[in-house]
Structure formats: structure tokens, C-alpha cells
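Q: Let's see this in three dimensions:
(one chain, ligands or ions: 1)
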Amino acid sequence: MQRNPSHFTLMDPQVCPPPLNSSQSVIGFDKSPASTFKPGHSRNNSSGSSKQSKQGRDWEIMGDLQQLEMCSAPGSSLDLSIPGICEGYLMKRRKYPLKGWHKRFFLLDKGILKYSKTQQDIQRGKLHGSLDVSVAVMSINKKSKRIDLDAGDNLYHLKPSYYASSTSVYQPEMASPAPVIRSHPGVTRKVSAWLQQTHDIDATSNDLARCQAELTELAQLIQRLHWLEGGLPVTNTDLEMRISMQNLSLEKPKRKTGKVFGHSRTLSRVEAMGGMFTSSHLSTSACTGLEGSVQSIPDYVYSQLSNPHGTSPEAKKLQQDICTASHRVHSSLTSIHEILSLERERLRQAWTGPDLRQNTSQQLATLCSTLSELDIQSRLTKVHSLSLSSDSSEESFCTVLPDQSGNLFQLFTCTKIVRTPSMNRHNQRAPSVADSMAEYFDASEVIVCESSSEAEASDESGLSDITTTSTSEPEEGHTAATLNYRASLNNAPAKPSPVPTDTGRRTTLPAPGADNSHIGIMTILYNNIGKDLSRVSMPVALNEPLSLLQRLSEELEYSELLDTANHIDDPYERMVYVAVFSISGYAWASWRNRYKPFNPVLGETYESHREDRGFHYISEQVSHHPPISACHAESENFTFWQDQRWKYKFWGKSVEIISSGLVNVNLPNYGDHYEWNKAVTCIHNVLSQQRWLEHYGEVVIRNTQSDVCTCKITFVKSRYWSSDNSKNEVQGVVLDQAGEVVHRFGGLWHEGIFCDTLSTPKCIWKPNVQPEDHFQFYGFSHYARELNELMPDLKAVLPPTDTRFRPDQRLVEEGKMTEADKKKDEVEEKQRERRKEMAKRGEEHVPRFFRKDVDDAGREVWLYNGTYWKLRKEPGFSNTENLHLY
Ligand SMILES: CC(C)CCC[C@@H](C)[C@H]1CC[C@H]2[C@@H]3CC=C4C[C@@H](O)CC[C@]4(C)[C@H]3CC[C@]12C
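A: Next up is the predicted model:
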């Protein structure tokens, strides 16, 4: 199996500046072991380039489109002109509303792909969306003729229209081989703008060309003159050779001869003169009279030529021509010089001017990290495809990446990971990029990651119909409604919080979050290709001081909504409150995109006993393969439980997190049992610092105890123009048995939800105000800051498996990153040893506080076994046998 990235060609060194090397790749690259980047690749090596040989069965790497382009000399058959407009119908996948493939008119112009329902719409400027292809990662599945375009902020799934439906019109222009797309992302655009302004440079090159022509003319004239005199062509070497043959010295002449040979004396004559010819003949007293200086050979020739003695009229004419030509050359060169001086001055002014000076270093830093990420990303994809080359189960997926300059594309293979039941356990394949992302996010060993084609298959099978919604496109109706909800929310009076705000707990963390912007995420993945990633320790600087178990408990931050619901007699209104509770659990996402939670080790627990809120919560990591966190909370007003497992889809720039466990709530006063799925969480631009999170898809809430009503909530995908107003929209309806809308509500999941169909329309929920210094402290809310606090009274009663005792997480909280890194390795190593030991004994880990069960629909669920709080009370964890995980 080939995993060596060494034959990777990213750019042609002859034409382009070479890509950054490891030490340059990321500005201020960190010193952590995981981030030492050793590409060791040789450039311009054919094995990684153009139309790469087949990798595996269906795999093909087309690595060097850009090279072809760049190397093509003027006049070669390759067309280097700016591509024209490319347009036509394509099928675009959408899952909500009207799930399926929809025919859309696409237009690709200057690297921007726009689409609309019809050509007329595009012409009228009525766009449905647009995407900058130059910044997108393109995956091509040759078999199913599918293209996925992931531009970080936008994700398109496309296929030619004639594949999708027989009724659709065949569009030859779209079916023809895809044109090589050249585009101009940010910097290139600026440079080209600069170049366009410098028209004079073009004039300079014209001048130069003219100069060259004149010089050629001059040379011809000289030669003609020479021949006219009956001589042979003269060159420096020629002359030198003859001089040396004559044993002539070019040194200072010893004596001065009064005799001056006329210009018609040629070297052939010199030769003929034999010993008579001395070095003094090279001293042209007629020209310089400088006895002591030795002329250069061209000077000599020139002086000979310019000697007017005994010239024929024809020779005279030639001399004149030579002079005129020389003058022309001189004036051309003068004007070139002037232009260059002017340009130099312009550049100097621009450089010393405030604009550029201020921005340059920042721009450079961004540019460098973008370049390095692209570089690494491309290599990673390539290496990844190589690592899978012996696996025959992949389909032909081809990833097209923009190169550094953004002008051209490089094609690499990506993979389809076929999901087989055996994959959940001991599978033998090499880790994939997708897995790597999964591993990276939760440091687990194997997570199933769907490829796009598989996602489609699962779509079509109706499986995860709701949860895999990745293209819940915004509707015009949504916008108008959201505007109204927003206005209502703004007008709604600020409600005093029903839970006491002063909890007596800490309001800040011991230390601010470490800056991790220098950590190249792709670099980490790249460095660990081919390794078992569970054995690779991720730099702890990427972690926030909370574990996923604690993170899940954050979904109860607005538990008062359930308290209220448990006292509402009207089932429809009750449903509204349950729905808004489910939305409130997503509010954290607008502030938390820079760090990842700690992945709990198997058997890790976390309790949250909130007397102020009237509930107690317990959670446990019940499975490591696949990672499953189970939790359970109880209060007099509700019971809340869920077991979450998630899959990742890595599209090249964004990661979609698809949770598969259901969330459950019981309201004891009415005997209700609500259950609902989770929306998809998407981390856009995951590899860069412009990362942002979005939730989208449809969530359906059912009451398993009564079919009086159901609720549908839509997390609307942001629009392509992505103004802040169109982000984070959410809207829902409560439907009665007949499917009639009883209530409507909506708003933004980070700003609040308004319901206008209640007898008194009202704002149901607004998130708590974020602390002012939240950016400094991991984006944590007041609530999140309290989660890892270890008060002395708690310390005495907690089991040693509680997350609060995790030493690495505690060190991160204290800002001691180096120690934390070391401790994290130890904790992970301990977990591996425990696993090995158990395997040796043939034992399987049995969770302590949860048991596996099967629900009415036949799904595997993890339910609380009711022992935690009892044991905690009697005999107390200090008197029980506990696991010692850290
Ligand atoms: C590059 C890194 C540092 C970016 C940050 C990644 C963050 C945003 C990712 C990493 C792990 C992710 C979490 C993994 C699992 C779940 C459970 C699911 O039911 C809701 C989403 C949630 C809670 C995810 C939210 C986003 C998350 C926290």
C-alpha cells in the first residue's frame, strides 16, 4: 500500500514560485509534535502529475492540469485565453423542501457559478445562489456523473440534467468536457488589478521588443558592412581566438606606433600581416588616444568600423544607417528606463503608503496559511487516495482543488468509504480523510463517514430523511416570516429570567483560552495519514476545557421551558414550548467554533446537580466504538434523556455532523413522551479561521403517547449572500391530527423565538446575554463556565470517573498547555492499556449507570439504570469500587 506523499506535484517550479515548505507553511507554526510537517515531496515529478495512472480500480488522479497550462509556451496548442461563459441546465440536489433533484439553470462566468430556476431568471438577476468555484473543493464521481462543490460557505450537489430525468432537456454545452476554470481569488485579483493599472509596463515590453528588432537590424548592418569590406563575420570569440593564435597580448602596449590601420583592416588582413600585427594595433589612438588603456574587443571593432578613412559610399550609407539604428535603440532604452523609474516610484509610494503597510503583514499571514492549507489539503487528498489504492471497494470520486494561485485546478482523488457493518469494529482499511476528521473531532478510533454518493443512497432509501438534510434551501416565504419574527422579538419586553442569575458559582475561568489560530488542522491530518489516529495525540490547544458529556448537559441551559410546558394544559401550546426548548439547545453555536470538546474516555461520567434549576443530570461515555454518550436528567417537571452518536461528512471544506440518536422528554403532569431528531450541524470553512457553524434540516417532534399534535421545525440553510440577517433562521409549525397548522413560531436560534398564533402572541424564549469577555474565554456562556467548577463539597461526593477530575482538561482550564498536552497523552495511553487488558481477559466494558435497550421502533437505545444518585447517597462513591481512568 502506497502512502508516501513524496511524488506530489503542486506547481511547476519553473513557472511558479515553489509552494511554501514546512517551516514556511504556517506562520508561527506551533511546536507541538503533531504539527511538525514533513512533506518531503519532490516537485515536478511525473509520478504525481498529469493524468496520473489509475489508482485502484476506478481511481484516476489528474494532477497537473495547472502544469499543462502553465508550461504551455506561447504559440503552443493550449488555449490560454480567458474562458468564455459556460451555461446550461444541471440537476441540483436538495433535500428540503421538495427533496430530490431539481433542474436549475447554471452559469459559470469568471469562476463564479450562479444558478437560478431558468435562464431568464439569471438574466433578470434573480439568482437562487452563487458560488466561487476557485475557492471550492470539487469532488467528481465519474460513475454516477456527480459533482459536489464545497466552497466552505456553500455546498452544491450537482449532476447533468440528462442523467436525472427523461423529461429534462439535454444541454450539450454542459455535457461537453468541462472547461478548465481559471479564476481569480482575492490576492490574484488584487495583483491583476494592479497589473491592469500599469499600462506602461505593456508599453515597456513593446519598447523592448522594438529595441530587440532594432538591435537585430543593427547587427545585420554591421555584418553587411563587414562583408562589404571583404572580411569575415566578426564575433568576440572569433577575434579572441585569432588574437591568441597570433600570440597577441591584450595587455598594455609597450610602445606606441604612429601607424594607424584604417578601418578597412580586417582580421583577415591582420592575419595576413603575420608578425607585423602587434597588440598596439588594438589600441585605437584615433579613437581614444588613451595610451595606457586597453580597449575591449567590441570597442575595437566599433572603432574600426567608425573610422571614416577610405570608406566607400555604400559603406558610408551603412554607417549612417547604423548610427540611426543605434539612436533608435538608445531612445527606446531611455523610455524603458523612464517607465521603470516611474513604476518604481509608484511601487515605493504604495508600499510606504498607509494602506499597504498596515495590511501587508496581515494579508501575508492569511495568504501563507491559506496557501499552506491548500497545499496540505491537496497532498492529503492525494496521499489518501494512494493509501486506498489497494482497496477495491471505492468508487471513482475525484476531488478537484484550486491551486495556490487559484487560477487553475488540480484534480485529486477522494474516496467513497463504503459502510459495512464490520466497519464499526475491527476493520482493516487505512484511515481515510473523512475518518481523520472524525478522529480529529472526537479522538475516537473509527467513525463511519458517509461519502456523498452514500448519503444520496441513504437519502433515497428514506433513511435519515430528516437528519441528513444538507440542502434545506431557503424559501422566499422564510425570509419574510423571519423579518416579522425578528421585529416582534425586538419589540418584546425583556423578560426577567425565571432562574436566579446569581448562582453563587464562578463567573469566569481561571485562564483565558489559548490562541490556536496557528494550528493548521490539515497539517495534523496530513502528518497522521496511515497511522491509527487514536494513537495520535491532538494538540490540546484545540480543546476547550469541557468534555462532550458536559457539552450535552448544556442543552438543559433553558430547562425552564420544560418546567413551563409541564404546566400548560393545552397540548398544542405545550408542544410549542417543547419545540422551543429543542431549539434553545442550539444557541451556543454562534460563539463556539474555535475549540472542540474533550472526547470522554470510556467509562467517564459527568453529573450536574442544579438545585437552582431543579434537575439533576448524569451522563456516561458508554461506548468507544462507535463513540456514544448517554445522558439522563430528572426534575419534578420533566425527564430528559438522549444517547448521541454522530457521523461526519467531510466535503473538503466543511464538515457536517449528523447525530443519529433521538432526544426524549417526558412531562409527568400529562404523561407525554416527546421524541425528536437533531438538526445537522455544519462547520463551514473548517480548515480556516473563518470557521462558522450552522444548523439546518428539519426536526420533527412526536408525542409517542398521543397523536393529537406533531411539530415540524425547519432550521433554514443560510442564503448564498449570507448577510447576517439570513443566518440562523428557524421556523416551526404545530399541526393537529388532520395536518392543519395550529401554531406557528419562528425567529433565530441565536436570538430568540416568537409565537404569533397564541392568544397573546409572545416571545417564548431569548438566549441569555453572553458575558462581555466571552471571546477570551472559549465563547463560554455564564452557564458553560460553571460546568467544570470543582467545589470542595462536590469533590467529596463525586466518583473518580467524573470529568471534573480529568487532569488534562483541568490543566487546559488553568492555561497550562504544555503540561496539559503531556497529561492528555497519558490519559489516552491509559485508556488504550485498559482496553488491551480487557481484550486479553476476553472481557467487554459494561457501562455502570446505563443499560442498552431496544425501543418500540426497534432502535438500540441507552437508558439510565437508576443507580447513580442512589449510590452517590448510599454508600457514597468513596465507599464503592470505582474505575480509575485518569
Ligand atoms: C477545528 C475545531 C477546533 C473546530 C471546532 C469544532 C466544534 C465546533 C465541533 C467539534 C465536535 C462537535 C460536536 C460533536 C457532537 C455533537 C452532538 C450533536 O448531538 C450536536 C452537535 C455536537 C455538540 C457537535 C457540535 C460541534 C462540535 C463541538
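Q: Paired strands for the top strand by length along the chain, with orientation please.
A: When the chain is scanned for its longest strand (criterion: DSSP state E), the result is strand 692-703. Here strand 692-703 is paired, per DSSP bridges, with strand 672-676 (antiparallel), strand 680-684 (antiparallel), strand 709-715 (antiparallel).
Q: for the second one, what is the average pLDDT?
A: For strand 680-684, the mean pLDDT works out to 92.
Q: Using PDB, write out every CA atom in it.
A: Extracted in PDB, the C-alpha atoms of strand 680-684 (Å, rounded to 0.1, in the frame of the first residue of the first chain):
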ATOM      1  CA  VAL A 680     -27.400  18.800  11.100                       C
ATOM      2  CA  THR A 681     -24.700  20.900  12.500                       C
ATOM      3  CA  CYS A 682     -22.300  22.100   9.800                       C
ATOM      4  CA  ILE A 683     -18.900  23.500  10.500                       C
ATOM      5  CA  HIS A 684     -18.200  25.700   7.500                       C
END
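Q: Name the residues that touch it?
A: Residues from elsewhere that reach strand 680-684 (CB atoms under 8 Å, 6 or more residues apart in numbering): 152-153, 155, 467-470, 586, 589, 593, 653-659, 691-697, 715. Placement of C-beta: from N, CA and C, glycine included.
Q: Which strand residues bridge the closest residue to Ala492 other than its chain neighbours?
A: Take Ala492 and drop its neighbours on the chain: the residue closest to it by CB to CB, 6 or more residues apart in numbering is Cys763, 3.6 Å away. Beta bridges link Cys763 to Phe754 when assigned by DSSP bridges.
Q: out of the contacts of strand 680-684, who's near the ligand?
A: Among those, the residues lying close to the ligand (CB under 6 Å from any ligand atom) are 593, 657, 659, 691, 693.
Q: where do the helices sit along the stretch 701-850 of the chain?
A: Remark: helices assigned in the stretch 701-850 of the chain by DSSP state H, counting those that start in this stretch are 782-786, 792-797, 807-813, 817-841.
Q: Neighbours of Asp756, how many?
A: When neighbours are defined as other CB atoms under 10 Å, Asp756 has 15 of them.
Q: How about Thr803?
A: 30.
Q: can you offset everything so residue one is 15?
A: From this message on, residue numbering opens at 15, which makes the last subject Thr817.
Q: That one: what's it in contact with?
A: 560-561, 563-564, 612, 614, 618-620, 802, 823.
Q: Pick out whichever of those sits closest to Ala644.
A: Set against Ala644, the nearest of the contacts of Thr817 by CB to CB is Leu563 (9.2 Å).
Q: and the stretch 615-764 of the chain, which residues reach the ligand?
A: 658, 660, 671, 673, 692, 695, 697, 700, 705, 707.
Q: Give me the spatial nearest neighbour of the single nearest residue of the stretch 665-814 of the chain relative to the ligand, chain neighbours excluded.
A: With CB to the nearest ligand atom, the shortest gap between the stretch 665-814 of the chain and the ligand falls at Ser673, namely 3.7 Å. Distances taken as CB to CB, 6+ apart place Lys692 nearest to Ser673, at 4.1 Å, with adjacent residues excluded.
Q: can you check Leu563 too?
A: Tyr620 (3.9 Å).
Q: Could you double-check that the one you found lies in contact with Ile632?
A: Yes: contact criterion CB atoms under 8 Å: Tyr620 and Ile632 qualify, at 7.5 Å.
Q: Neighbour count for the two, which is higher?
A: Ranked by neighbour count (other CB under 10 Å), Tyr620 and Ile632 place Tyr620 first, with 28 against 25.
Q: Give me the three-state assignment for that one.
A: Per DSSP: H, G, I helix; E, B strand; the rest coil, the local secondary structure of Tyr620 is strand.
Q: for it, what are its contacts?
A: Counting by CB under 8 Å, 6+ apart, Tyr620 touches 561, 563-564, 567, 614, 631-634, 816-818.
Q: In the stretch 315-464 of the chain, where is pLDDT below threshold?
A: Applying pLDDT under 70 to the stretch 315-464 of the chain flags residues 315-325, 364-464.
Q: just the residues of this protein that are near the ligand, which are they?
A: 455, 535, 556, 565, 607-611, 658, 660, 671, 673, 692, 695, 697, 700, 705, 707.
Q: Could I have the ChimeraX command that selects the buried members from those?
A: Those of these that count as buried under 16 or more other CB atoms under 10 Å are selected in ChimeraX with:
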select :455,535,556,565,607,608,609,610,611,658,660,671,673,692,695,697,700,705,707
